[in-house]
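A.B. asks: Provide a 3D model corresponding to the input given below.
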Amino acid sequence: MGRRAKNKQAPPESLDPKPEWTSKKRLGKRKAEADDIDEKPSPRPSKKVRDLNGKGKETTKMDRSSSKKEGKKQPKVVEDGWEDVEEGGDLKTHAKSLFDDDEDDELEGDLDALAFDEVDDDLLQGPPQEFDFDSDDDDVPPPVSLKSKKSKQAERPRKIIPTLSDASSSVEDEDEDDEPVTMDNMAQRSRKLEAQAAAEAEIDLEEAQADAQLAEDEEDDVDMDADEDNNGDMDVEPFHLPTASEIEQEKATGGPDIQLVQRRMRECVRVLAKFNRRAEKGRSRSEYVDQIVADIASYYGYNEFLAEKLFLLFPVHEAIEFFESNEAPRPVTIRTNTLKTRRRDLAQGLVNRGVNLEPIGKWTNVGLQVFESNVPIGATPEYLAGHYMLQAASSFLPVIALAPQPNERVLDMASAPGGKTTHMAALMQNTGVIFANDANKTRTKSLTANVHRLGCKNVVVCSYDGREFPKVMGGFDRVLLDAPCSGTGVISKDPSVKVNKSDRDFTLLSHLQKQLILCAIDSVNPESKTGGYMVYSTCSVTVEENEAVVDYALKKRPNVKLMDTGLEFGVEGFTKYRGKTFNPSVKLTRRFYPHVHNMDGFFVAKFKVEKRSKALAVAREKEAVEEPVLVDEEFMTDVIPTIPAFKGFDAEEDRPYLEEAKRKRMKAKGLRPPPRSKAAPPSANVVEAEA
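C.D. replies: Take a look at the predicted model:
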């Protein structure tokens with residue numbers, strides 16, 4: 001091998017230990033650094049760096065700068081690769097610096113040579129210094145902490161999510177948040193959360209009340225401003241109710257503008273709310289009502305007869321909401337068929353197909369409301385398999401009110417297309433028997449198809465006129481009558497109702513409904529142990545088809561009484577309406593409106609049928625108590641002695657009447673009576689003639 005090049009590699013060092021010696025002058029490096037700091041403060045503590053030649057001599061940037069300033073002699077590298085050592089240096093430290101070992105080994109060694117007795121404690125105990133990324137000396141490594149090499153990222157903050165205010169959070173709260181949740185502190189945490197929620201609810205209630213009061217005050221201010229405008233103090237044009245001649249001119253020119261009609265409706269509602277303050281002088285309330293009814297008819301497309309009939313059912317502002325709600329479709333709802341699946345499983349299957357849905361409400365455990373769907377709801381595999389039925393939410397109500405029980409005999413007098421019938425079959429768990437009747441034979445096809453698709457095995461489909469049903473079959477435990485009606489509650493589904501209904505239609509429908517409800521009551525078996533109930537429902541909101549029919553049934557059948565429907569929501573029925581007074585128990589019926597309950601307009605009433613003889617006896621006793629008969633002395637002395645004494649009953653004379661009554665009872669139960677053995681009982685006139 002050739003000769004080693006100069007300044008490339010130092011000659012090998014002897015393995016024999018060198019004697020340690022120290023200089024008499026203790027001009028250490030720390031002292032020089034201290035002197036330099038006195039002259040010019042350093043932004044960071046001094047650190048050791050190696051020379052570029054890698055030969056092990058360690059100096060600091062500060063030492064070099066201070067030595068240059070003071071003109072001290074710097075270490076010199078000789079030709080053979082060795083360098084001069086400062087007189088005050090430590091040879092042991094110098095020897096260790098010659099080896100390129102790990103910094104941890106360097107720190108674990110003998111630290112006496114680092115002269116800790118002369119190191120300032122503030123430099124070691126102070127905050128860690130930040131890296132100086134702006135330094136131009138790329139060869140200068142970052143400072144090394146003498147205590148440990150743990151990174152700053154190793155110490156994470158204790159609370160990751162800060163609270164609302166550091167000042168408001170106490171030490172106890174921090175400790176409670178940091179401690180793990182156990183069975184011991186779970187109840188305490190729950191009580192704390194409930195108290196916090198209650199406090200927030202009280203604050204929200206106070207804010208809502210304050211907002212409502214503020215809105216009311218602003219409305220009063222607006223009213224005062226409007227009154228000032230009407231007085232002519234402002235330049236705004238006041239509202240003027242058109243006269244009859246002006247209305248005729250509008251009709252002759254093709255009708256008013258839509259914006260004008262909207263403004264006129266809004267102004268009429270505002271005036272009718274406080275008529276005494278806001279009405280024009282010399283104009284009556286009926287003129288404003290006639291005007292707003294005419295505007296509603298022209299704006300929403302009703303004939304004036306139906307618009308007035310529906311308008312009079314509600315207060316003025318609520319009537320506008322009702323007409324507006326009829327323009328929007330009702331939510332799409334489905335009913336789970338519990339004979340084949342559960343609502344949870346059905347919902348999961350439809351969600352997997354891209355259907356967005358949720359339960360309708362707490363009042364039903366089988367209904368689901370569909371918001372949007374990527375597939376047609378009426379053509380999914382679940383629908384074809386009979387797992388659900390497309391059914392309006394209002395159609396659930398009469399079945400819930402009827403509440404059929406297993407092993408009962410039930411009649412559905414108008415059952416097509418089968419939504420209510422199949423719902424009853426599911427509640428009865430395919431036990432007992434349900435007679436699904438519909439007067440229209442063509443509609444029984446869809447009824448039969450839905451019964452087969454949903455797997456209802458206890459349904460018998462028939463087609464009779466409902467008014468003949470007590471003669472055909474009777475003795476039912478429960479009867480459901482969803483009577484044919486005008487459809488004023490489902491205008492959003494059938495807009496043709498707006499123009500094709502007249503006063504004659506309501507008269508004919510009301511007459512038909514009164515006949516059907518009496519036949520439905522007569523079809524109920526009053527001696528039923530589990531039943532004896534009849535439910536009457538319509539998809540109409542008019543009084544002539546609802547409360548008037550119920551009141552008629554109560555008058556014609558004294559053996560029935562109204563019961564609570566069992567529905568948790570709904571508006572009570574009318575007991576007084578435009579001069580008509582109904583039975584006080586009619587308030588037990590329930591009304592449902594589209595603008596209030598977000599479902600089709602509906603009416604539900606539930607009857608309890610009792611034995612006729614018992615009911616008649618109670619009614620007679622009540623009449624006797626309410627209307628006592630006053631008898632004078634002349635009647636007691638003159639009339640009573642002339643009455644013949646009672647000689648007892650004649651069994652032979654009463655036998656034909658008893659047999660005829662027995663035949664009627666058998667027919668009511670659906671049994672075939674035996675043929676008459678004797679002639680019909682003579683009439684009362686014949687009996688009187690024979691006497």
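A.B. asks: Now do the contacts for residue 392.
C.D. replies: Neighbouring residues of residue 392 by C-beta atoms under 8 Å, 6 or more residues apart in numbering: 330, 333, 419, 599-600. (Each C-beta comes from the backbone N, C-alpha and C, glycine too.)
A.B. asks: Any chance of CSV for these, columns distance to residue 509, pLDDT and secondary structure?
C.D. replies: Output for the contacts of residue 392, formatted as CSV (distance: C-beta to C-beta, whole Å; pLDDT from 0 to 100; DSSP: H, G, I helix; E, B strand; the rest coil):
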residue, distance to residue 509, pLDDT, secondary structure
330, 23, 92, coil
333, 26, 95, strand
419, 21, 92, helix
599, 22, 92, coil
600, 17, 93, coil
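A.B. asks: Nearest to residue 288 among those?
C.D. replies: residue 600 (30.4 Å; C-beta to C-beta).
A.B. asks: Tell me both backbone torsions, phi and psi, for the nearest residue to that closest one once chain neighbours are set aside.
C.D. replies: Sequence neighbours aside, residue 394 is the residue nearest to residue 600 in space, at 4.3 Å (criterion: C-beta to C-beta, 6 or more residues apart in numbering). Phi and psi for residue 394, reported as degrees, to the nearest 10, are phi -70, psi -20.
A.B. asks: ok, back up a step: which one of the contacts of residue 392 is nearest to residue 548?
C.D. replies: Out of these, the member with the shortest distance to residue 548 (by C-beta to C-beta) is residue 600, at 20.6 Å.
A.B. asks: mind giving me the domain ranges of the protein?
C.D. replies: With domains defined by automatic domain parsing, the chain comprises 3-98+111-199+329-390, 393-626, 633-690.
A.B. asks: quick one: the strands in the stretch 401-550 of the chain?
C.D. replies: 409-412, 433-437, 459-462, 478-482, 533-538 (DSSP state E, counting those that start in this stretch).
A.B. asks: Would you reformat those strands as a markdown table and include mean neighbour count?
C.D. replies: Formatted as a markdown table, the strands of the stretch 401-550 of the chain follow (neighbours: other C-beta atoms under 10 Å):
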| stretch | mean neighbour count |
| --- | --- |
| strand 409-412 | 26 |
| strand 433-437 | 24 |
| strand 459-462 | 17 |
| strand 478-482 | 27 |
| strand 533-538 | 26 |
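A.B. asks: Let me know whether residue 412 touches residue 428 as I believe.
C.D. replies: No - with contact defined as C-beta atoms under 8 Å, residue 412 does not count as touching residue 428 (11.9 Å).
A.B. asks: can you list residues touching both of the two?
C.D. replies: Counting by C-beta under 8 Å, 6+ apart, the residues touching both residue 412 and residue 428 are residue 434.
A.B. asks: Could you report the distance from residue 470 to residue 557?
C.D. replies: Distance of residue 470 to residue 557, given as C-beta to C-beta, to the nearest Å: 12 Å.
A.B. asks: picking that back up, closest one to residue 240 among the strands of the stretch 401-550 of the chain?
C.D. replies: strand 533-538 (41.6 Å).
A.B. asks: What strands flank that closest one, and is each parallel or antiparallel?
C.D. replies: Here strand 533-538 is paired, per DSSP bridges, with strand 478-482 (parallel), strand 602-609 (antiparallel).
A.B. asks: sorry, back to before: tabulate the strands of the stretch 401-550 of the chain (JSON lines), appending mean pLDDT and distance to residue 207.
C.D. replies: Output for those, formatted as JSON lines (pLDDT from 0 to 100; distance: least, C-beta to C-beta, whole Å):
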{"stretch": "strand 409-412", "mean pLDDT": "94", "distance to residue 207": "50"}
{"stretch": "strand 433-437", "mean pLDDT": "95", "distance to residue 207": "53"}
{"stretch": "strand 459-462", "mean pLDDT": "94", "distance to residue 207": "55"}
{"stretch": "strand 478-482", "mean pLDDT": "95", "distance to residue 207": "45"}
{"stretch": "strand 533-538", "mean pLDDT": "95", "distance to residue 207": "42"}
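A.B. asks: Make CSV from those and add distance to residue 399 to it.
C.D. replies: Shown next, in CSV, are the strands of the stretch 401-550 of the chain (distance: least, C-beta to C-beta, whole Å):
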stretch, distance to residue 399
strand 409-412, 9
strand 433-437, 11
strand 459-462, 14
strand 478-482, 7
strand 533-538, 8
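A.B. asks: Out of these, the one nearest residue 241 is which?
C.D. replies: It is, among the strands of the stretch 401-550 of the chain and with distance given as C-beta to C-beta, strand 533-538, at 36.7 Å.
A.B. asks: can I get the CA coordinates of the closest one in PDB?
C.D. replies: The C-alpha coordinates for strand 533-538 follow below in PDB (Å, rounded to 0.1, in the frame of the first residue of the first chain):
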ATOM      1  CA  TYR A 533    -118.600  -2.600  18.900                       C
ATOM      2  CA  MET A 534    -119.100  -0.800  15.600                       C
ATOM      3  CA  VAL A 535    -116.800   1.900  14.100                       C
ATOM      4  CA  TYR A 536    -118.100   4.500  11.600                       C
ATOM      5  CA  SER A 537    -115.500   6.400   9.500                       C
ATOM      6  CA  THR A 538    -115.500   8.600   6.500                       C
END
